[in-house]
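Output the structure for:
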Amino acid sequence: MALESSGLSALPEEPVPTELNTAAQGHSLEVLRDKLTVRYTGEGRHNSDVGAIQANYPVPQRRVVYYFEITVLDQGEHGRIAIGFATKDFKLTRQPGWEPNSYGYHGDDGKKFGASGKGEDYGPTYGTGDTIGAGIHLAKQEIFFTKNGTKLRTAFRNIKSGLLPTLGLHSKGEMVQVNFGQKPFRFDLEGMISDERAAHQAAVERIPISPGLTHHVVRKYLLHYGYADTLRAFDQAAGMGSCAEEEEGAATSMAVDGPETNDARGADSSGAG
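The predicted structure follows:
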């Protein structure tokens with residue numbers, strides 16, 4: 001069964017974040033030529049002195065998990081660095097998490113901020129030498145963070161779509177480098193994805209499925225998020241094994257983290273905290 005005959009057509013490839021957007025940035029930021037390394041050169045005396053910057057593209061939607069990382073090269077005077085996500089209209093003079101439709105994990109106090117200047121206890125503080133990751137589980141609409149390769153608990157649920165990877169710096173000398181997937185991540189993202197796929201496939205294999213409307217809807221979900229193996233098992237359980245074989249290539253091309261070699265191109269505050 002071809003994609004067209006099943007009512008599912010191949011979708012155009014989504015743009016993914018690859019560098020920082022130097023056309024729009026907050027106060028006192030110096031972005032190096034690689035467009036991945038940024039330094040705060042101001043004094044950071046006031047809450048409105050934040051230097052925030054976002055990725056050049058929003059989080060791609062046709063995958064299960066999107067993820068990027070930063071490495072803190074220098075925590076500066078106070079380590080008021082934040083990582084997170086925000087919409088395109090986010091104020092770049094504020095930390096991610098302080099404004100509506102923004103979410104952040106802040107290094108100086110380890111708190112999480114979600115559309116509020118008042119943070120909540122969340123994880124450990126971080127500073128020079130640490131690698132911090134931010135991820136969105138798009139299928140669950142959840143945001144999580146990592147520190148030095150260890151996944152922290154879920155930070156936010158029922159999140160808004162249309163978010164961009166966002167950083168904030170707010171004290172003299174702070175310097176971070178972003179990894180959108182141009183090199184291996186510290187966190188085992190592929191392992192997380194494999195576990196997700198295995199869980200989905202096991203669940204599908206336990207449920208007897210017959211062709212029909214429900215089958216079509218579930219197939220569309222699995223194909224959209226790149227679950228090639230689960231899609232094949234799903235069709236076989238329904239006596240439609242040929243479907244998954246013919247569409248496996250399309251599903252794999254939409255893999256949750258892009259090409260499965262960290263090409264997810266997935267890649268900081270305080271003030272209020």
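
okay, now residue 62: neighbour count?
17 (other Cβ atoms under 10 Å). In this view, the C-beta of every residue, glycine as well, is placed from N, C-alpha and C.

Is it in a helix, a strand, or coil?
Judged by DSSP: H, G, I helix; E, B strand; the rest coil, the three-state class of residue 62 is coil.

That one and residue 161: what is the separation?
Counting by Cβ to Cβ, to the nearest Å, the separation of residue 62 from residue 161 is 12 Å.

Now do the strands in this protein.
Assigned strands in the chain, in chain order: 20-25, 29-31, 37-40, 51-55, 65-75, 81-86, 102-106, 111-114, 120-121, 131-137, 142-147, 150-157, 164-169, 174-179 (criterion: DSSP state E).

Which strands or helices does the third one pack on?
By that I understand strand 37-40. In this structure, strand 37-40 packs against strand 29-31, strand 51-55, strand 164-169, strand 174-179, with contacts taken as 3 or more Cβ pairs under 8 Å, 6 or more residues apart in numbering; DSSP states H and E.

what sits up against that strand?
Residues outside strand 37-40 that contact it (Cβ atoms under 8 Å, 6 or more residues apart in numbering): 20, 28-32, 51, 53, 73-74, 76, 167, 169-178.

how far out from the middle of the chain is stretch 138-156?
Centroid separation for stretch 138-156 versus its chain: 9 Å, with Cα atoms, centre = their mean, to the nearest Å.

what distance separates the start and the end of it?
12 Å (Cα to Cα, to the nearest Å).

pLDDT wise, what is residue 151 at?
At residue 151 the predicted local confidence, pLDDT, stands at 98.

wait, it sits on residue 187?
Yes. Judged on Cβ atoms under 8 Å, residue 151 makes contact with residue 187 at a distance of 6.7 Å.

which of those two has more neighbours?
Neighbour tally, residue 151 and residue 187, criterion other Cβ under 10 Å: the higher count belongs to residue 187, 23 against 15.

Skipping adjacent residues, who's closest to that one in space?
residue 146 (4.5 Å; Cβ to Cβ, 6 or more residues apart in numbering).

Near the one you found, how many residues? Count them for me, please.
23.

show me what contacts it?
69, 132, 133, 134, 135, 152, 186, 187.

go with 7 Å
132, 133, 152, 187 (Cβ atoms under 7 Å, 6 or more residues apart in numbering).

confidence score at the second one?
Confidence at residue 133, expressed as pLDDT, is 98.

Report the contact partners of it.
67, 68, 69, 145, 146, 185, 186, 187.

what do you get for the first one?
By Cβ under 7 Å, 6+ apart, residue 132 lies in contact with 69, 70, 83, 105, 126, 145, 146, 147.

how long is stretch 103-120 from one end to the other?
12 Å.

Relative to residue 114, which of the contacts of residue 146 is nearest.
Relative to residue 114, the closest of those is residue 152; by Cβ to Cβ it sits at 14.6 Å.

Check the gap between residue 40 and residue 173 for me.
7 Å.

More neighbours: these two, which one.
residue 40 (29 against 15).

Could you find the closest non-adjacent residue to that one?
residue 169 (3.8 Å).

pLDDT below threshold where in the stretch 1-150 of the chain?
1-10 (pLDDT under 70).

so what's residue 137 closest to, chain neighbours aside?
Nearest non-adjacent residue to residue 137 (Cβ to Cβ, 6+ apart): residue 65, at 5.4 Å.
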